[in-house]
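Chemist: Sequence first, predicted coordinates after that:
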Amino acid sequence: MFRKISKGDMNNPSIEEMLADAREVYGVFGKAKRALGIVDRALLLNPRNIEALNLKAAVLYELDRDEESAAYHLRALELEPCSVEALHGLAAIANDHVDYAGALEWADRGIDCIPLDPGSEFNENEDYRQRLIAELLSEKAFTLWYTGRRDEAKKLLTEKGPAQCPLETGTFEDQLDWLERHPDRPDE
């Protein structure tokens, strides 16, 4: 069920409360349009909120609105050049558009930014941190695989990734399994 907002906050929830609600509405209930409405209200209060920009980009990406998604991630990067979430999103979009050079560039920049990302959720929520890093490394492995660097991709998914994100070992195993089932083209 939805998180309960205290009566004093009911008419004026904080941006953090709005974003938590948007994540729940979308992540748990799959209501993308409603989540976008909540995020848009948060962005009206603070159009420079990195978390809101990236959340809006993530929902737009899931709705196959890649150009809009990329624009919100790029806006987040203008404000915070080491937003790992934005860099991961841009790597994913580049991979989807078979722009492997761009995907590798975004992924490598994201990996370099891991120790520099100032985001509170990224630094305070270890589950979120490891999941996001695992997704970023998986995007890099995808790029390496489809540019003929399969040994590097395998090493990333079987050694480096699990060592860096032990909570996400299954994510790396699933990614390698998927790549091995689609060895030559992602659309096979």
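Modeler: Happy to help now that I have it. Everything numeric in this text was worked out from a predicted model, so none of it was measured.
Chemist: got the domain boundaries for this structure?
Modeler: Taking automatic domain parsing as the reference, the chain has its domains at 1-79, 81-188.
Chemist: Quick one: mean pLDDT for the last one?
Modeler: For domain 81-188, the per-residue pLDDT values average out at 95.
Chemist: Break down the protein into its helices, ranges please.
Modeler: 15-27, 32-45, 50-62, 66-79, 84-96, 100-113, 120-124, 126-146, 150-155, 161-164, 169-181 (DSSP state H).
Chemist: chain center to the third one: distance?
Modeler: Between the mean C-alpha point of helix 50-62 and the mean C-alpha point of its chain there is a distance of 8 Å (Cα atoms, centre = their mean, to the nearest Å).
Chemist: Would you format the helices of the chain as TSV with mean neighbour count and distance to D187 included?
Modeler: Where C-beta positions appear, they are placed from N, C-alpha and C, glycine not excepted. Converted to TSV, the helices of the chain look like this (neighbours: other Cβ atoms under 10 Å; distance: least, Cβ to Cβ, whole Å):
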stretch	mean neighbour count	distance to D187
helix 15-27	18	27
helix 32-45	17	24
helix 50-62	24	18
helix 66-79	18	16
helix 84-96	25	11
helix 100-113	19	14
helix 120-124	14	32
helix 126-146	22	11
helix 150-155	16	18
helix 161-164	18	24
helix 169-181	15	12
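Chemist: Next, count neighbours for P115.
Modeler: P115 has 9 neighbours, counted by other Cβ atoms under 10 Å.
Chemist: cool, E159 as well?
Modeler: Going by other Cβ under 10 Å, the residues that sit close to E159 add up to 11.
Chemist: how near is it to E152?
Modeler: E159 sits 11 Å away from E152, going by Cβ to Cβ, to the nearest Å.
Chemist: Could you do L90 as well?
Modeler: Taken as Cβ to Cβ, the span from L90 to E152 is 21 Å.
Chemist: same deal with L63?
Modeler: Distance, L63 to E152, using Cβ to Cβ: 32 Å.
Chemist: for F142, same thing?
Modeler: Plainly put, F142 is 12 Å away from E152 if you go by Cβ to Cβ.
Chemist: With F29 instead?
Modeler: 39 Å.
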